[in-house]
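Enquirer: Got a predicted model here, sequence first, then my questions.
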Amino acid sequence: VTGFQALCLGPTAPATIGAVPAQGQVASVLQCMELLTIAAAATSTTTMQVPAGAILLSVSVRVTVVIPTAATFTVVCNGITFNTAAVSTAATSTDAGTNANVATVATYPYIGTAAGVVITPNLTPADNTGRVRITCTYLVVTPPTS
């Protein structure tokens with residue numbers, strides 16, 4: 001089909017997919033990642049930001065170093081909670097971060113202004129030795145240029 005586009009996970013796209021769009025339109029699935037040091041504070045925010053104009057699909061996390069004092073934490077970006085349950089602060093704890101609060105937000109959030117990820121422990125950590133690896137997966141759409 002002329003102009004049909006697909007996401008191909010492999011080294012080459014099958015010839016049956018169709019031509020590359022000549023008008024410059026692009027839909028990209030992207031990820032950004034940061035190993036965040038959890039501060040001895042009420043919250044910690046990533047320096048990486050999901051870019052403005054993105055549609056945020058998930059914010060997954062993995063605790064690489066135990067977060068002291070606290071038992072759990074939440075994961076928020078652009079005002080939306082992404083953890084599927086309260087995440088344990090124990091080392092190797094993970095969460096897929098796919099909860100887009102469908103009950104209150106009908107679609108995945110459009111990021112109007114670039115946004116960092118905020119980690120909020122249930123208790124303020126005693127020190128800044130905890131570490132959480134955060135991966136954001138998002139879509140960026142570029143409209144046709146002609």
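Expert: Thanks, I have the structure now.

Enquirer: And for whatever helix or strand residue 141 lives in, what's in contact with it?
Expert: For residue 141, the element it lies in under DSSP states H and E is strand 131-142. The contact list for strand 131-142 (Cβ atoms under 8 Å, 6 or more residues apart in numbering) reads 24-38, 46, 48, 50-51, 53-65, 67, 73, 75, 77, 97, 111, 117, 119. In this view, the C-beta of every residue, glycine as well, is placed from N, C-alpha and C.

Enquirer: ok and the one helix or strand residue 60 maps to relative to strand 131-142, angle-wise?
Expert: Assessed by DSSP H and E, residue 60 sits inside strand 55-65. On the basis of axes from the mean of the first three to the mean of the last three Cα atoms, to 10 degrees, strand 55-65 is oriented at 160 degrees to strand 131-142.

Enquirer: thinking residue 116 is in contact with residue 43, fair?
Expert: No: contact criterion Cβ atoms under 8 Å: residue 116 and residue 43 do not qualify, at 10.4 Å.

Enquirer: who has more neighbours, the two?
Expert: The neighbour comparison of residue 116 against residue 43 (other Cβ atoms under 10 Å) goes to residue 116, with 18 against 14.
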